[in-house]
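[1] can't give you the sequence, but here's the structure:
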């Protein structure tokens with residue numbers, strides 16, 4: 001396990017690109033897997049929003065609750081993830097409280 005002293009030696013990103021994610025989250029398993037992977041690297045980005053949408057293959061429903069489940073699971077792991085990143089670029093510690101349907 002890395003110590004806090006070790007994490008100070010990690011490189012920090014000088015600025016974070018702004019990202020807004022739109023996904024038909026439940027259409028295929030890779031959609032959910034992509035969101036999980038994004039959240040693991042979310043300390044490198046300024047996340048502006050996440051939106052569940054329809055798509056060519058899923059025309060009549062959206063599944064924001066599936067995004068909520070993934071974000072809630074991420075919230076349970078974020079403290080451990082933050083032990084391994086530069087102190088100035090912690091992971092998303094205030095996960096979204098504004099949720100719309």
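    Happy to help now that I have it. It should be emphasised that the depicted structure is a prediction, and the values quoted were computed from it without experimental measurement.
[2] for the longest helix along the chain, buried residues please.
    When the chain is parsed with DSSP state H, its longest helix is helix 64-81. By 16 or more other C-beta atoms under 10 Å, the buried positions in helix 64-81 come out as 64, 66, 67, 68, 70, 71, 74, 75, 78, 81. In this view, the C-beta of every residue, glycine as well, is placed from N, C-alpha and C.
[3] so which residues of this structure form strands?
    Taking DSSP state E as the criterion, the chain carries its strands at 18-23, 46-52.
[4] JSON lines for those, including mean pLDDT and distance to residue 86?
    Compiled in JSON lines, the strands of the chain are given as follows (pLDDT from 0 to 100; distance: least, C-beta to C-beta, whole Å):
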{"stretch": "strand 18-23", "mean pLDDT": "92", "distance to residue 86": "19"}
{"stretch": "strand 46-52", "mean pLDDT": "88", "distance to residue 86": "15"}
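[5] residue 89: which of the ones you listed is closest?
    The closest of the strands of the chain to residue 89 is strand 46-52. By C-beta to C-beta, the value is 10.8 Å.
[6] report the central residue of this protein.
    Nearest to the geometric centre of the chain sits residue 39, at 2.5 Å (C-alpha atoms, centre = their mean).
[7] low-confidence ranges, the chain, go.
    1-14, 92-101 (pLDDT under 70).
[8] ok, 90 please
    For the chain, applying pLDDT under 90 flags the ranges 1-17, 26-28, 40-50, 54-59, 61-63, 75-101.
[9] what about the nearest residue to residue 26 once chain neighbours are set aside, how many residues nearby?
    Closest residue in space to residue 26, ignoring its immediate chain neighbours: residue 63 at 3.9 Å, by C-beta to C-beta, 6 or more residues apart in numbering. A count of nearby residues for residue 63, using other C-beta atoms under 10 Å, gives 18.
[10] residues touching residue 63, list them.
    25, 26, 52 (C-beta atoms under 8 Å, 6 or more residues apart in numbering).
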